[in-house]
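> missing the sequence, but the structure's below:
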């Protein structure tokens, strides 16, 4: 089943086109990486998919619900964690999760157990009764994701989910996302950490200057890159980082090395 669909999605701000006719289809239970340089249109696309801003043209649906015409139904299907989530600092972690449960009309008969389980899942069980204002950046990322999971969403959007996490917490986050995927949850993740995207995602899309320039599995993108650069009888395992830099022009920065003072 296609859980995320967008067709010719565009966003214009005056004369500037931030997102230019992007079309994507993401399947149920898939981890989909959405990659691009700063200013490529990634966050703007996610904001349109989650109904935070309206598209200038085109359409998008989540779980079969149009994000504009059926916004409330669509919002019940997904959870969203921005790159810098806003949290109510005068609430404890437990109170924040209870507040999020109210927003999503989570039944009260098993709410306490669900909150306890989420706090344990993210190793916040000893901090659940502490004010969020005392949380580290990594702990804030964890409680934000816990809040997005409180209503058992079928789709999760994450914008730079590992920012501020130490290596152990980043690995735990990846393991959690893999387990959610195994349970059939669709993960749409935007990240600059291409090593994580290469290991974690089933498919990736690369956007540049608002346009989709590549989409497929890492192996498919690697084969396309090899076909552009090598004879047919030579196979080189290009990394996702190398492919990304090739497609977005990042390899040009290597020329700047000669300007370093000696």
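Yep, it's here. Nothing here was measured: the structure is a model prediction, and the numbers come from that model.

> Helices of the protein, start to end?
Assigned by DSSP state H, the helices in the chain fall at 42-49, 71-77, 93-103, 111-121, 137-149, 167-182, 194-200, 218-229, 240-248.

> which residues sit against the last one?
Just to be clear, that refers to helix 240-248. 35-37, 40, 194-195, 197-198, 204, 206, 208, 213-214, 218, 221-222, 225, 228-229, 250-251 (Cβ atoms under 8 Å, 6 or more residues apart in numbering). C-betas here are computed from N, CA, C, even on glycine.

> Need the winner for burial among the helices of the chain.
Of the helices of the chain, the one with the most neighbours on average (mean count of other Cβ atoms under 10 Å) is helix 42-49, at a mean of 24.

> Could I get the average pLDDT for it?
For helix 42-49, mean pLDDT is 95.

> Which elements pack onto that helix?
Here helix 42-49 touches strand 2-13, strand 16-27, strand 31-35, strand 57-62, strand 155-159, strand 186-190, going by 3 or more Cβ pairs under 8 Å, 6 or more residues apart in numbering; DSSP states H and E.

> Tabulate the ones you listed (CSV), appending mean pLDDT, mean neighbour count and distance to residue 110.
Putting the helices and strands packed on helix 42-49 into CSV (pLDDT from 0 to 100; neighbours: other Cβ atoms under 10 Å; distance: least, Cβ to Cβ, whole Å) gives the following:
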stretch, mean pLDDT, mean neighbour count, distance to residue 110
strand 2-13, 96, 18, 25
strand 16-27, 96, 18, 30
strand 31-35, 96, 24, 28
strand 57-62, 96, 20, 25
strand 155-159, 95, 23, 21
strand 186-190, 96, 25, 24
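
> Distance to residue 246 added to those strands, as a markdown table?
Output for the helices and strands packed on helix 42-49, formatted as a markdown table (distance: least, Cβ to Cβ, whole Å):
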| stretch | distance to residue 246 |
| --- | --- |
| strand 2-13 | 25 |
| strand 16-27 | 20 |
| strand 31-35 | 13 |
| strand 57-62 | 28 |
| strand 155-159 | 24 |
| strand 186-190 | 20 |
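
> Not counting sequence-adjacent ones, nearest residue to residue 48?
In space, and not counting its chain neighbours, residue 48 is closest to residue 55: 4.9 Å by Cβ to Cβ, 6 or more residues apart in numbering.

> Alright, I will stop here.
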